[in-house]
Structure formats: C-alpha cells, structure tokens
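Structure for the following, please:
(one chain, ligands or ions: 1)
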Amino acid sequence: AQWEKQVRLSAHPKRSENKVVLVTGAAGFVGMHVSLALKKRGDGVVGLDNFNNYYDPSLKRARRKVVESHGIFIVEGDINDAALLSKLFHMISFTHVMHLAAQAGVRYAMKNPSSYVHSNIAGLVTLLETCKSAEPQPAIVWASSSSVYGLNTKVPFSELDRTDRPASLYAATKKAGEEITHTYNHIYGLSITGLRFFTVYGPWGRPDMAYFSFTRDILAGKPITVYQGPKQIDLARDFTYIDDIVKGCLGSLDTAKKSTGSGGKKKGHAQYRIFNLGNTSPVTVPNLVSILEKLLKVKAKVNIVAMPGNGDVPFTHANISLAHKEFGYQPTTDLHAGLKKFVRWYLNFYGASADGVSRL
Ligand code: NAD
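Predicted coordinates:
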C-alpha cells in the first residue's frame, strides 16, 4: 500500500550508523521539533499521531505539513492500536522509540479523566508490549513531566526527591508511567529513559498553555486570568525553550544503552534512567505577562484570582545536574529571547488579526 511505501522511505537512515526512530506524538509540539532535528542529522524517522482534538487539530495538521516537507511521514493512528504497532515493528527495525504521545494538560483532567488513562496508561502499556516483543528491542526515551514532583516543596527539584504526592490526574498518570516503564525494564530488559520536561514553550507551541493563550487574548484585547498561589504568592514556572528540550531529547537518545532482551525475555541488566529537563531559572506568571506586553507592545488586562484547586502546583524549578553530567545538557535560551521567537512565529502563523485562526 502507498502508506507502507511512505513509512519505509521515511524510516530510511542517511548512513548505516544513523538511528531509526519511531516518534509517537509527532504532530504534537515537542514531537514535531524532535522529529525535524532527528531527520536533519540523518536518522530515519517515522511519526505516529492520532490527531485528537484536545486542541485545534488544524495546528497539528499544519505541523504535519512542515515535517512532511522534510521527508518525515506521520502514520495516523493510536498508540492503543496493538495491531498497527505490531505491523510497524514488523516492517521497520526501529533502534529507538521517542515516546511523546500523551494526554497533556493539568486542568483538562477534571473534564475528561478517561483520556489520561487511555493515552498515558493504557496506550503506554500497549506500546511497551509491542517493544518488548520486537526484534531487536528498541531503546525507549519517553516524556514524563515535572508535575510528578506534585506537592514537593524542596527546591530545586532533584530526580531523587519525593514524587508520591501528585496534585493532578495528569501528574498521577505520568508518575504511573515511570513505575510501569520500570517494570518493563526489570522484567523484559527494555532500555528506558524518562524525561521530566519543565513547562516547554516556543514556536508551534500548545494553545492550551498560558504563554500561548495570553498572547492570543492580549492581542485580541481580552482580559487574561492570572492565578495566585496561597498567601498571594505568585505562581512561578521553570519555562524551558523548545530548542533546549530538543537537545536534551537527542542527548538522552544518544546515550541510551541497548535493550538487553530478546523474544520477550530479559538477557541481562538493562538501563533505567530518569532526568529533569528544565531551565533552572523559574519566572513568575506576572513577569511572563510583562515580557509578553513588551514584545506585543500591548498592555494586558489582568484579572488576578486565587488559584482554584485544579491541579496546578505553585512553582517548579529543576535541578539539571544529572542530565548535564550524563549528556552535557545545558539550556541556553532565556524566557525573553525564547518568547521573542514564539511571538514572531505566532504573528506570522496567525496573521495580523492574530485572532487564533490560521491564515496559512
Ligand atoms: P502535544 O499535545 O502537543 O503532543 C502530544 C501529541 O500526541 C498530540 O499531537 C496528540 O494528538 C498525540 N496523541 C495523544 N494521545 C495519543 C494517542 N493515544 N495515540 C496517538 N497519538 C496521541 O503535547 P507536547 O507539549 O508536545 O508534549 C509532548 C510530551 O511531553 C507529552 O507526553 C507531554 O505530556 C509531555 N510534557 C510536555 C510538557 C510541555 O510543557 N509541553 C511538559 C511536561 C511534559
């Protein structure tokens, strides 16, 4: 079939030493950028995405156009589709899986809890089941989240800090993912690397995230709502620019050891790792707003309200020394420089009216 031919072409690495990577969530924000970076250096890349409508699917389709123009094919399908996954792994010998497909977002869990179980737990298990039986077994790098630190108040957050007090169902499913992947590592010898991303932002970002919706609403002259933590403390986030996250993804992929199983059986001790990928420099939400005001040259109308108990944590702050030691991870873009690139992309993509409807 035509799609199978496209998958084979897309999976073809430039040189024999290049990797062959399945990127799940390739039409997503991080997935798009990681796919492009892998392809650029010569790796074979096949994407998988279900193009769900958690946020504007036309943005996902626009991202798909970009990656396809670089020779990357995205299969439209769900990570819960065991038959599809098994077919892909029979067609292609993937050396690595970059697993980025997930139900993201903290607040949406109160509206649609089952979507988190579907993608972040059931889908993860389906993917791991396929990887466990694949020949060869791929090494897996997947996106966990800084949200696993939950109610931890010791800053900055280190990988060995407590993660047993999640504050949202999203966080709970990411934490469950860390435990589920550990089990597959232990029993089947799968090489696993979990990456705890800290608030990733940048061009082609997610419309459900604050920096994106603030930009849209400020430009439209609409008021924005800024939450305050307990005792009027401003919320702060360790905003991390997408290019820094991409470097961390590639660095962790390149230092991942091979899986040690075959035929669904473990043959030796396999690698299990977890890394923070953050920026080590938290910024408060009011500061985020004032940077956006300067870049957009528009004054924001701000409503400040007490943080409702909707799963948000008051602050995040990464200690990144482990990722630095293992693969030289070192973020280089500060929030002002990164938002400048985001705003340039936003105005170009949505056009002068900037009402959140793409003119492309
Ligand atoms: P995103 O929503 O833009 O990308 C996820 C993609 O996965 C989407 O395109 C979606 O259509 C796809 N998808 C969802 N469920 C699927 C399923 N069952 N089968 C197939 N495809 C499915 O999100 P993102 O910001 O690019 O996040 C990428 C990963 O990083 C996610 O695992 C997310 O939880 C994690 N993460 C992101 C951030 C951040 O700030 N962006 C922070 C921490 C963790």
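
Can you give me the distance of residue 233 to the ligand?
21 Å (Cβ to the nearest ligand atom, to the nearest Å). C-beta here means a position set from N, CA and C on the backbone, and glycine is covered the same way.

Leaving out chain neighbours, which residue sits closest to that residue?
Leaving out its chain neighbours, the residue that sits closest to residue 233 by Cβ to Cβ, 6 or more residues apart in numbering is residue 314, at 6.3 Å.

wait, the one you found sits on residue 230?
Yes - between residue 314 and residue 230 there is a contact at 7.0 Å, judged by Cβ atoms under 8 Å.

returning to what we had before: so what's the residue nearest to residue 233 up against?
Taking Cβ atoms under 8 Å, 6 or more residues apart in numbering, we find residue 314 in contact with 229, 230, 233, 235, 236, 307.

Excluding chain neighbours, give the residue nearest to the residue in the stretch 1-150 of the chain that the ligand sits nearest to in space.
Residue nearest to the ligand within the stretch 1-150 of the chain: residue 28 (2.0 Å; Cβ to the nearest ligand atom). Leaving aside its chain neighbours, residue 28 sits nearest to residue 100 (6.1 Å; criterion: Cβ to Cβ, 6+ apart).

do the same with residue 66
residue 32 (6.7 Å).

follow-up on the earlier one: tell me, how many residues neighbour the residue nearest to residue 28?
27 (other Cβ atoms under 10 Å).

Now do the residue of the stretch 1-150 of the chain closest to the ligand against residue 158, distance only.
Residue 28 is 27 Å from residue 158, where distance means Cβ to Cβ, to the nearest Å.

Also residue 14?
38 Å.

how about the residues of the stretch 1-150 of the chain near the ligand?
Contacts of the stretch 1-150 of the chain with the ligand, taken as Cβ under 6 Å from any ligand atom, map to 25, 27-31, 49-52, 60, 78-80, 100-104, 119, 123, 143, 145.

swap the cut-off to 5 Å and go again
Applying Cβ under 5 Å from any ligand atom, we find that the stretch 1-150 of the chain lies next to the ligand at 25, 27-30, 49-50, 52, 78-79, 100-102, 104, 119, 123, 143, 145.

Filter those residues down to the buried ones.
25, 27-30, 49-50, 52, 78-79, 100-102, 104, 119, 123, 143, 145 (16 or more other Cβ atoms under 10 Å).

Next step: these restricted to helices.
29, 30, 123 (DSSP state H).

Report how many residues lie close to the closest residue to the ligand within the stretch 201-350 of the chain.
Using Cβ to the nearest ligand atom, the closest approach of the stretch 201-350 of the chain to the ligand is made by residue 206 at 4.9 Å. The local packing of residue 206 (other Cβ under 10 Å) involves 19 other residues.

State the pLDDT value of it.
Residue 206 carries a pLDDT value of 98.

Surely it is within a helix?
No - Residue 206: not assigned to a helix; according to DSSP: H, G, I helix; E, B strand; the rest coil it is coil.

which residues sit in contact with it?
28, 29, 55, 104, 212.

If we use 7 Å, what do you get?
29, 55, 104, 212 (Cβ atoms under 7 Å, 6 or more residues apart in numbering).

And stretch 311-328, what's buried?
Buried residues in stretch 311-328, counted by 16+ other Cβ under 10 Å: 311-320, 322-324, 327.

before we move on, what about stretch 10-27?
Counting neighbours by 16+ other Cβ under 10 Å, one finds that the buried residues in stretch 10-27 are 10-11, 13, 18-27.
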